[in-house]
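Participant: Sharing a model that was predicted from the sequence below.
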Amino acid sequence: MADLYPSPVAAPAHQAGNILRAWVCRDEAALRKEFAKGLDLCASPQGHALEEENLEMLKAVVARLNECPAVLNAEPADPTVRLCINLLMHLAGQPYRTKSSGGSPVASQDQT
């Protein structure tokens, strides 16, 4: 699966976007692969305080979602899954705050 974001997007935003893309595509294998990449990313120090904070949030969200055996089959009303997806959307939107997209890079993607 190709990366959703061009370089040099902050690593946590980049990875959150890739996880969301796999989620939207309903691709279990790609989602698990992106979870693993996210956890690997979180294991290496980044150096900037804000990026470290975002990595901590990414790590917690990915770890929680990764615990769900059938995360793609979870009920939309499941508050834990809903919260995790909302946090990923927040992380993914970090470098793209615009009035028109509401800060979501997924909302501004070409859907063709």
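Facilitator: In hand now; what should we look at?
Participant: Let me see the ranges of the helices in the chain.
Facilitator: Using DSSP state H, the helices found in the chain span residues 11-25, 28-43, 49-66, 79-92.
Participant: now the last one, how far from the centre of its chain.
Facilitator: In this case it means helix 79-92. Centroid displacement of helix 79-92 relative to its chain, using CA atoms, centre = their mean, to the nearest Å, is 8 Å.
Participant: Can you list the buried residues in that helix?
Facilitator: By neighbour count with 16 or more other CB atoms under 10 Å, helix 79-92 contains the buried residues Val81, Cys84, Ile85, Leu87, Leu88, Met89, His90, Leu91, Ala92. C-betas here are computed from N, CA, C, even on glycine.
Participant: out of the helices of the chain, nearest to Leu72?
Facilitator: helix 28-43 (5.6 Å; CB to CB).
Participant: Going by distance to Glu75, which of the buried residues of helix 79-92 wins?
Facilitator: After measuring the buried residues of helix 79-92 against Glu75 - CB to CB - the closest member comes out as Val81, at 7.7 Å.
Participant: Could you give the number of residues near Asn18?
Facilitator: As a burial measure, Asn18 scores 23 neighbours (other CB atoms under 10 Å).
Participant: Tell me if I'm right that it and Leu41 touch.
Facilitator: No - the pair Asn18 / Leu41 is not scored as a contact, 10.2 Å apart, by CB atoms under 8 Å.
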